[in-house]
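Participant: no sequence on hand, only this structure:
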């Protein structure tokens, strides 16, 4: 019996994402079952946010942006592959702070206090190397926050993919894991891994 091949990432296209946002496939991300995960991410942001703001890679329709208060929204920039999602997010503000871009190709234009990968690293090959690239756009005390969903079905190749991504990130030698949280929602049977990381001095 052949062993299960573990994918490195999930392939996707802008057209696919646009259709899924258009048909409201991802509306559940705003449900109460996701709120605790967003709250942990937001708590880390409040701890480390200074003057240079937040880069939200894979911002979707701006759910994390909705949680920010007053001045916390200053310096925020959200990037998502889906033009449909960006249009929905952009309607929430008069400022030009949501952009369409590919997480695997996007190059930030400035430094940030916090870079967030909220359920977006699943779509990134060679994850630790890509995080290292993004870490060059952190302020000296800046942090990376990542959230990764752990699949219910442990036989699903995507479950093994997430486990391997986490191992790759933690053992890459590029980052200090300042904090790591495993969150389980008992009502929904959902589990996430949330990492708070700082780039090591090279």
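Facilitator: Yep, it's here. Keep in mind that this is a model prediction, so the values were computed, not measured.

Participant: buried ones in the lowest-mean-pLDDT helix or strand in the chain?
Facilitator: Least confident element among the helices and strands of the chain, by mean pLDDT, DSSP states H and E: helix 157-171 (a mean of 92). Within helix 157-171, the residues scored as buried using 16 or more other Cβ atoms under 10 Å are 158-163, 165-166, 169. C-beta coordinates here come from the backbone N, C-alpha and C atoms, glycine included.

Participant: check what contacts the longest strand along the chain and list those residues.
Facilitator: Looking across the chain with DSSP state E, the single longest strand is strand 138-150. By Cβ atoms under 8 Å, 6 or more residues apart in numbering, the surrounding residues in contact with strand 138-150 are 37, 40-41, 44-45, 48, 50, 52, 111-119, 121-122, 131, 134-135, 159, 162-163, 165-166, 169, 175, 178, 190-199.

Participant: before we move on, what about stretch 97-105?
Facilitator: Residues contacting stretch 97-105 (Cβ under 8 Å, 6+ apart): 14, 57-59, 62, 65, 73, 76-83, 86, 89-90, 117, 120, 123-125, 130.

Participant: tell me the average confidence for the longest strand of the chain?
Facilitator: In this model, strand 138-150 carries a mean pLDDT of 96.

Participant: in that strand, what's buried?
Facilitator: Under 16+ other Cβ under 10 Å, the buried positions of strand 138-150 are 138-139, 142-150.

Participant: quick check: the farthest pair among those residues?
Facilitator: Greatest spatial distance among the buried residues of strand 138-150 (Cβ to Cβ): 139 and 150, at 30.4 Å.

Participant: all strands for the chain, in order.
Facilitator: Under DSSP E, the chain gives strands at 54-57, 77-80, 98-100, 112-118, 138-150, 175-185, 190-199.

Participant: tell me which of the ones you listed sits nearest to residue 20.
Facilitator: strand 77-80 (11.9 Å).

Participant: point out where the chain drops to low pLDDT.
Facilitator: For the chain, the stretches flagged by pLDDT under 70 are 1-4, 202.

Participant: can we see that at 90?
Facilitator: For the chain, applying pLDDT under 90 flags the ranges 1-8, 151-159, 188-189, 201-202.
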